[in-house]
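Student: Dropping the sequence and predicted coords here.
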Amino acid sequence: MKPFGSLLTAMVTPMLPDGSIDVDGAARLAEYLVDEQHNDALVINGTTGESPTTSGVEKETVLRAVIEAVGDRAKIVAGVGTSSTYYSIELARQAEKVGAHGLLVVAPYYNKPPQSGLLQHFTAIADATGLPSLLYDIPHRTGVAIATDTMVRLAEHERIVGVKDAKGDLTATSWVLRRSDLAYYSGEDALTLPLLSVGAVGVVGTSTHLTGPGTKKMIQAFDNGDHSAALTLHRQLLPLFTGIFRTQGTILVKAAMNARGLPGGPVRSPLVDATEAELAQLRADCAEAGLPL
């Protein structure tokens, strides 16, 4: 099953030169991602959307703008994961009230709870609304991995339907897929094709602000059994799958959007905007992937 389609982008949050939220820009960027980049769903207020530095009011404002713009033709998944179970529940209920179609819940970062704490955290959030949830497993950013046994237990919850997998461990992923019916989405753009080979259904991407059509064709080719075509597309897009993360992904996506005349704007501290050298390297990576800025 593909509860949110196969191609999702974790959307950056456009900002104005003074650092405030660009509400109109958020709506326009969402339209570009759905209409031109062929996304089936968008993740709003994820960490790529600078969720650690946006307020609850700002999160609600961006979510409303995107739902109004494209919510009738794409699924809108709200990032609600934080280090606090109670605050995550508050954000989840806010997202449901606004009209989101699903939730993305990252493992609590920095406080490194034990597996019993992760189980309690994710279950409490899933219990708090009627929305389907994706778990986000990214231990190199959060400091804690969601163990296979924990994943399998969480899969028993009727509203925990999938995983954004940025663990980079195909063996662990394979064991979860063997023991559950969770829908796996790659959380690392360059690992989308390898994850498809062990049973994943798509990607929640960052480079897909730029590579959406090609990435979707790659997934469709794999699903149709044309593995040679999928591999060709994987290799073609690899410079951007990896290049967008030469520095922090949000920084380079916003630089790319600004270069294309699309809503992006600055990043918020403690992030810093791309340097001229970083932008030049991004242009080179885009050109190598056949998608010049």
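Tutor: Perfect, thanks for sending it. Numbers count the residues shown, from 1 in each chain.

Student: alpha carbons only for contacts and neighbour counts from here, please
Tutor: OK.

Student: tell me the contacts of the spatially closest residue to Ala41 that is not a sequence neighbour?
Tutor: Excluding its sequence neighbours, the residue lying closest to Ala41 (CA to CA, 6 or more residues apart in numbering) is Lys75, at 4.4 Å. Contact analysis of Lys75 by CA atoms under 8 Å, 6 or more residues apart in numbering lists 4, 40-42, 100-102.

Student: Next up, phi/psi of Lys75, please.
Tutor: phi -80, psi 140 (degrees, to the nearest 10).

Student: Look up how far Leu7 lies from it.
Tutor: Using CA to CA, to the nearest Å, we find Lys75 at a distance of 11 Å from Leu7.

Student: what does Met218 give?
Tutor: Distance from Met218 to Leu7, by CA to CA: 10 Å.

Student: what do you get for Tyr87?
Tutor: Using CA to CA, Tyr87 is found at 28 Å from Leu7.

Student: Comparing the two, which shows the higher neighbour count?
Tutor: Leu7 (27 against 15; other CA atoms under 10 Å).

Student: hmm, back to that, and for Lys75 and Leu7, which residues touch both?
Tutor: With CA under 8 Å, 6+ apart as the test, Lys75 and Leu7 both reach 40-41.

Student: re earlier: of all the contacts of Lys75, which two lie farthest apart?
Tutor: Asp40 and Ala100 (14.0 Å; CA to CA).

Student: can you give me the helices in the stretch 151-293 of the chain?
Tutor: 170-179, 192-197, 208-223, 227-243, 249-259, 276-288 (DSSP state H, counting those that start in this stretch).

Student: Nearest residue to Ile125 in space, ignoring adjacent ones along the chain?
Tutor: In space, and not counting its chain neighbours, Ile125 is closest to Ile89: 5.3 Å by CA to CA, 6+ apart.

Student: which SSE is that neighbour in?
Tutor: If you go by DSSP states H and E, Ile89 is part of helix 85-98.

Student: Give me the contacts around stretch 112-119.
Tutor: Under the contact criterion CA under 8 Å, 6+ apart, stretch 112-119 has outside partners 107-108, 142-144, 146-147, 150, 153-154.

Student: how about 10 Å then?
Tutor: 83, 85, 107-108, 120-121, 123-124, 139, 142-147, 149-151, 153-154 (CA atoms under 10 Å, 6 or more residues apart in numbering).

Student: on that earlier part again, identify the residues contacting the residue nearest to Ile125.
Tutor: 80-82, 95, 121-122, 124-129.

Student: quick one, strands of the stretch 1-150 of the chain?
Tutor: 7-10, 41-44, 75-79, 102-106, 133-137 (DSSP state E, counting those that start in this stretch).

Student: For the first one, output the C-alpha coordinates as CSV.
Tutor: The C-alpha trace of strand 7-10 is given here as CSV (Å, rounded to 0.1, in the frame of the first residue of the first chain):
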residue,chain,number,x,y,z
LEU,A,7,6.5,10.8,-4.3
LEU,A,8,6.5,13.2,-1.3
THR,A,9,8.6,16.3,-0.8
ALA,A,10,9.6,17.7,2.6
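
Student: ok now stretch 256-270, how far from the chain's centre?
Tutor: Relative to the mean C-alpha coordinate of its chain, stretch 256-270 is positioned 17 Å out (CA atoms, centre = their mean, to the nearest Å).

Student: May I see the buried residues of it?
Tutor: 256-258, 262-268 (16 or more other CA atoms under 10 Å).

Student: Just give me the neighbour total for Leu170.
Tutor: The burial count for Leu170: 15, using other CA under 10 Å.

Student: Counting neighbours, what do you get for the residue lying closest to it once chain neighbours are set aside?
Tutor: Nearest residue to Leu170, sequence neighbours excluded (CA to CA, 6+ apart): Leu195, at 7.0 Å. Residues contacting Leu195 under the criterion other CA under 10 Å number 24.

Student: what does Val272 give?
Tutor: 12.

Student: before we move on, what about Ile67?
Tutor: By the measure other CA under 10 Å, the count of residues near Ile67 is 23.

Student: wait, it sits on Lys97?
Tutor: No: counting by CA atoms under 10 Å, Ile67 stays clear of Lys97, with 11.7 Å between them.

Student: Just the CA coordinates for stretch 270-289, please, in PDB.
Tutor: What follows is stretch 270-289, C-alpha atoms only, in PDB (Å, rounded to 0.1, in the frame of the first residue of the first chain):
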ATOM      1  CA  PRO A 270      21.300  28.900  13.600                       C
ATOM      2  CA  LEU A 271      21.300  28.000   9.900                       C
ATOM      3  CA  VAL A 272      23.100  30.300   7.500                       C
ATOM      4  CA  ASP A 273      22.400  31.000   3.900                       C
ATOM      5  CA  ALA A 274      24.500  29.400   1.200                       C
ATOM      6  CA  THR A 275      27.800  31.000   0.200                       C
ATOM      7  CA  GLU A 276      28.600  31.900  -3.400                       C
ATOM      8  CA  ALA A 277      30.900  28.800  -3.500                       C
ATOM      9  CA  GLU A 278      28.200  26.500  -2.300                       C
ATOM     10  CA  LEU A 279      25.800  28.000  -4.800                       C
ATOM     11  CA  ALA A 280      28.300  27.400  -7.600                       C
ATOM     12  CA  GLN A 281      28.800  23.800  -6.500                       C
ATOM     13  CA  LEU A 282      25.000  23.400  -6.500                       C
ATOM     14  CA  ARG A 283      24.800  24.700 -10.000                       C
ATOM     15  CA  ALA A 284      27.400  22.200 -11.100                       C
ATOM     16  CA  ASP A 285      25.600  19.300  -9.400                       C
ATOM     17  CA  CYS A 286      22.300  20.400 -11.100                       C
ATOM     18  CA  ALA A 287      24.000  20.600 -14.500                       C
ATOM     19  CA  GLU A 288      25.500  17.100 -14.000                       C
ATOM     20  CA  ALA A 289      22.100  15.800 -13.200                       C
END
